[in-house]
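*Asks:* Sequence first, predicted coordinates after that:
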Amino acid sequence: MESFSFQQLRAYRTAAILLSLVLAVDAVARASYGAESSPHRHRQSESVAGRRWGGAFMEYAHGHVDARMDQQTKDERIVGGAKTNRTAFPYIVLLSILKDNDEFFCGGTLIDRQYVVTAAHCVLNSSVLVVPARSITVYAGSTLQKQGTKVGVNRVWSHPSFNFYANDVALLQLRSALRITPTVMPIKLAYDDTPLKDGSDLSISGWGSLSAGAGSVAANLQGATVNYLPNGCGRYKKPDYSEYVPSVMICAGCNAGRVDTCQGDSGGPLTTLSVSNGCPILAGLTSFGEGCADAGFPGVYTRLSSQVSWLEKQAGRVFRSQYAMAPPSTCDTCAGATKGKCGLAPGFNANACQIEGYLASAFVVRLKTCSKSATGASLPIEALFNPVSFGTFKPTGSVFFLRSQSEGSSTVNLGGVNVIVPLSGPVDFRNGTFYRSYWRTLWLPDADVPTRTCSNYYTYAAAYISSDKKFIQVSNTMRTTRSV
């Protein structure tokens, strides 16, 4: 029989007391506010009497069961996947998060050289408050835990409408931008996920558990590919489980179970291919589920197409993919990690993905000083890439300058290419003129109100299209500060 030290027994007693407090708090919350107010468990879950309990509260208790618990017991991995190499999932990062003096781990996805998206519940402490940015460390570029490039976090945004588990999304701004390499590549978010059909393939990855609870673990990043199951999460209903809400959640897994994300995978990526054959597209984030890889209870993921606008607004950057999804349907690993027709995940053009990441980080658009004349005010705008090249790739092609009265989203045909721009309403555009190292245009005075062009009446943006029309990059929006 296993023996326990006095310190271990005291730790278990403390955990039992905390669990009692969780149940009491939950009961009071239910009495006062109904089931909606009770926080449910995410992918670091514990089941009590068939229910999913505790959110950040249970995470706190779980982390305190044994203060000497080794790292491999606390950091858990994908169920039914297999060890993968870094170039298959160059966009995933590991988050080390200090909560109430304990270290916890989540996954995250690099969506810009300086921004990471993860699950909101990952950045909440035991009081369900956002942890300080200094409590989070990001690791990129390695399959091993807490290896590779290490970078701190400058700012944390958690979705204000997060409610266990609707809107389970948070954005991290890194202290410094990461360098794009074969093992570190940012990817873009799905703006439109309607190409996903029943059975479409979606890839998962993470450092989570190999089985429900504190199961066996692997030393390396794990990966697998599962199916989109739009009708598979109907059993997630209150009062027994967190509610599955299709408008903000994605259901994915295998019909027979066996392959799934698990404890410790929270916040990690759910991806599929794009028509560009470049970077995969980020469709979702690991959020919650009953057990791990149980038949009838697939994983539930944050649907990022419902969150793109909020994420872009926080950062003032464009994170949406310009390329449509092209999900395969014959690449899942539901029959076993070695039986997938495409390996653990469908392949993509890594060189094109690195170029897409470079274009997103290097595209600079500037409103220049207004010029006044007898006919009104004109506004010059310039666009360039800084640095001017990425390896042997140097951007050539067209830059279109756009303006509208408001931000939003529209699809505009620019030079024969449909481009999703962050503007709404009627959108004016013009092709810029190239001058050696930059593109430029001049917006002339409005015929009706000559001062409008150089005022905050208009919102401006720009879009780059490569000469071969393979690459598209759109800028964030901008306005002048002058009133009409």
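*Replies:* Received it, and whenever you're ready, just let me know what you need.
*Asks:* where are the low-confidence patches of the stretch 51-200 of the chain?
*Replies:* Residue ranges of the stretch 51-200 of the chain with pLDDT under 70: 51-77.
*Asks:* Show me where it has its strands.
*Replies:* Ranges of strands in the stretch 51-200 of the chain, per DSSP state E, counting those that start in this stretch, are 51-52, 82-83, 92-99, 102-112, 115-118, 136-140, 149-158, 170-174, 188-189.
*Asks:* can you list the residues that contact the fifth one?
*Replies:* Counting by Cβ atoms under 8 Å, 6 or more residues apart in numbering, strand 115-118 makes contact with 93, 95, 106-111, 138, 169-174, 186, 189, 266-267, 282, 285, 304, 311, 315, 317, 319, all of which sit outside it. Every residue, glycine included, has its C-beta placed from N, CA and C.
*Asks:* cool, stretch 348-355 as well?
*Replies:* Here stretch 348-355 makes contact (Cβ under 8 Å, 6+ apart) with 87, 90, 180-182, 185, 187, 273-274, 276-280, 390, 393, 470-471.
*Asks:* Out of the strands of the stretch 51-200 of the chain, which gets nearest to Arg436?
*Replies:* Comparison of those against Arg436 by Cβ to Cβ identifies strand 102-112 as nearest, at 27.9 Å.
*Asks:* In terms of secondary structure, what does that closest one contact?
*Replies:* helix 55-63, helix 71-74, strand 92-99, strand 115-118, strand 281-288 (3 or more Cβ pairs under 8 Å, 6 or more residues apart in numbering; DSSP states H and E).
*Asks:* Parallel or antiparallel, which strands does it pair with?
*Replies:* Paired strands of strand 102-112, with direction, are strand 92-99 (antiparallel), strand 115-118 (antiparallel) (DSSP bridges).
*Asks:* Please save the CA atoms from the strand or helix carrying Thr441 in CSV.
*Replies:* Applying DSSP states H and E as the criterion places Thr441 in strand 438-443. C-alpha atoms of strand 438-443 as CSV (Å, rounded to 0.1, in the frame of the first residue of the first chain):
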residue,chain,number,x,y,z
TYR,A,438,6.6,52.5,-51.5
TRP,A,439,3.1,53.0,-53.0
ARG,A,440,1.3,56.3,-52.7
THR,A,441,-2.1,58.0,-53.6
LEU,A,442,-3.6,61.3,-53.0
TRP,A,443,-7.2,61.6,-51.9
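*Asks:* Could you list the residues in contact with the following helix or strand past that strand?
*Replies:* From strand 438-443 onward toward the C-terminus, using DSSP H and E, the following helix or strand is strand 459-466. For strand 459-466, contacts defined as Cβ under 8 Å, 6+ apart pick out 359, 363, 365, 367, 379, 381, 383, 395-407, 412, 414-415, 417, 419, 421-423, 432, 439, 443, 471-479.
*Asks:* how big is the angle separating strand 459-466 from strand 438-443?
*Replies:* Relative orientation of strand 459-466 versus strand 438-443 (axes from the mean of the first three to the mean of the last three Cα atoms, to 10 degrees): 140 degrees.
*Asks:* So which of the contacts of strand 459-466 are in strands?
*Replies:* With strands defined by DSSP state E, the entries of those inside them are 363, 365, 367, 379, 381, 383, 397-404, 406-407, 412, 414, 417, 419, 421-423, 439, 443, 472-474.
*Asks:* Filter these down to the buried ones.
*Replies:* Buried subset of the ones in strands among the contacts of strand 459-466 (neighbour count, 16 or more other Cβ atoms under 10 Å): 363, 365, 367, 379, 381, 383, 397-404, 407, 412, 414, 419, 421-423, 439, 443, 472-474.
*Asks:* helix/strand/coil for Glu356?
*Replies:* helix (DSSP: H, G, I helix; E, B strand; the rest coil).
*Asks:* pretty sure it is in contact with Ser276, am I right?
*Replies:* Yes. The pair Glu356 / Ser276 is scored as a contact, 7.3 Å apart, by Cβ atoms under 8 Å.
*Asks:* got the domain boundaries for this structure?
*Replies:* Using the TED database, the domain ranges for the chain come out as 88-174, 362-479.
*Asks:* Rebuild the strands paired with strand 102-112 as a markdown table, extending it with distance to Cys233 and mean neighbour count.
*Replies:* Below are the strands paired with strand 102-112 laid out as a markdown table (distance: least, Cβ to Cβ, whole Å; neighbours: other Cβ atoms under 10 Å):
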| stretch | distance to Cys233 | mean neighbour count |
| --- | --- | --- |
| strand 92-99 | 24 | 22 |
| strand 115-118 | 21 | 26 |
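*Asks:* and Lys150, which of those is closest to it?
*Replies:* Of all the strands paired with strand 102-112, strand 92-99 sits nearest to Lys150, with 9.1 Å by Cβ to Cβ.
*Asks:* Put the alpha carbons of the closest one into CSV.
*Replies:* Presented in CSV, the C-alpha positions along strand 92-99 are these (Å, rounded to 0.1, in the frame of the first residue of the first chain):
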residue,chain,number,x,y,z
ILE,A,92,1.3,26.7,-31.3
VAL,A,93,2.8,28.2,-28.2
LEU,A,94,2.9,27.0,-24.6
LEU,A,95,1.7,29.4,-21.9
SER,A,96,3.1,29.1,-18.3
ILE,A,97,0.7,30.9,-16.0
LEU,A,98,1.1,31.7,-12.3
LYS,A,99,-2.2,31.5,-10.5
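*Asks:* so it versus strand 170-174, what angle?
*Replies:* If you take the same axes, to 10 degrees, strand 92-99 sits at 100 degrees to strand 170-174.
*Asks:* Please list all residues in contact with Thr481.
*Replies:* Remark: with contacts taken as Cβ under 8 Å, 6+ apart, Thr481 is in contact with Asn456.
*Asks:* go on, Ser475?
*Replies:* Going by Cβ under 8 Å, 6+ apart, Ser475 touches Val318, Phe363, Val365, Ala383, Ala461, Ala462, Ala463.
*Asks:* quick one, what contacts the residue nearest to Ala119 when sequence neighbours are not counted?
*Replies:* Closest residue in space to Ala119, ignoring its immediate chain neighbours: Gly267 at 3.9 Å, by Cβ to Cβ, 6 or more residues apart in numbering. Neighbouring residues of Gly267 by Cβ under 8 Å, 6+ apart: Leu95, Cys106, Gly107, Gly108, Val117, Thr118, Ala119, Cys122, Ala170, Leu285, Thr286.
*Asks:* and Ser437, how many residues sit next to it?
*Replies:* Each residue near Ser437 was counted by other Cβ atoms under 10 Å, and the total is 9.
*Asks:* try the one 10 residues further on
*Replies:* Other residues near Ala447 number 9, with proximity taken as other Cβ under 10 Å.
*Asks:* where does it land on pLDDT?
*Replies:* Note on Ala447: pLDDT of 87.
*Asks:* Which stretches in the stretch 251-400 of the chain count as strands?
*Replies:* Here the stretch 251-400 of the chain has its strands, by DSSP E, counting those that start in this stretch, at 269-272, 281-288, 299-303, 341-344, 363-367, 371-373, 376-385, 397-404.
*Asks:* Just give me the lowest mean pLDDT stretch among those.
*Replies:* Lowest mean pLDDT within those: strand 371-373, at a mean of 89.
*Asks:* So which elements touch that one?
*Replies:* Judged by 3+ Cβ pairs under 8 Å, 6+ apart, strand 371-373 is in contact with strand 376-385.
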